[in-house]
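Peer 1: got a structure for you, letters missing:
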């Protein structure tokens, strides 16, 4: 949730940060709608999320093993993403509020429920 004021001359840096994230997301949604492929939008440095699953917070997200994330460093680091906004039909690309992810293999679900 973003708090905002009325008649306040001082801008909240968090407000501006979230506004920038949403503008970037809307720009990507518009480019996808126009037919641009995720590869062209994400660039070569998109982190890989391997053994991923659909997660659920109060909003949809993904969880999995991240490699190449610009802020959550390391290989095969278990992470949860920010809000999930776009998921390609072939499940190879996802756009969260923060960034694009290349999707590797989905997580295997155990059939042993004991």
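Peer 2: Nice, I can see it. What you see is a predicted model, and the numbers here were worked out from it, not measured in a lab. Residues are numbered from 1 along each chain as shown.
Peer 1: distance of the nearest residue to residue 45 once chain neighbours are set aside from residue 51?
Peer 2: Residue nearest to residue 45 in three dimensions, not counting chain neighbours: residue 68, with 6.7 Å by CB to CB, 6 or more residues apart in numbering. (C-beta placed from N, C-alpha, C; glycine too.) According to CB to CB, to the nearest Å, residue 68 and residue 51 sit 15 Å apart.
Peer 1: the more surrounded of these two?
Peer 2: Just comparing residue 68 and residue 51: by other CB atoms under 10 Å the higher neighbour count belongs to residue 68, 17 against 14.
Peer 1: verify the stated contact: that one with residue 48.
Peer 2: Yes. Using CB atoms under 8 Å, residue 68 makes contact with residue 48 at a distance of 5.8 Å.
Peer 1: where does this structure have low pLDDT?
Peer 2: Along the chain, the model assigns pLDDT under 70 to residues 1-9, 110-114.
Peer 1: quick one: the helices in it?
Peer 2: Taking DSSP state H as the test, the helices found in the chain are 13-33, 38-42.
Peer 1: of all these, which one is nearest residue 77?
Peer 2: helix 38-42 (18.9 Å; CB to CB).
Peer 1: next, the buried residues of that closest one.
Peer 2: 38, 41, 42 (16 or more other CB atoms under 10 Å).
Peer 1: how far does it sit from the chain's center?
Peer 2: Computed by CA atoms, centre = their mean, to the nearest Å, the chain-centroid distance of helix 38-42 equals 13 Å.
Peer 1: over to stretch 76-95?
Peer 2: Worked out by CA atoms, centre = their mean, stretch 76-95 lies 5 Å from the chain centre.
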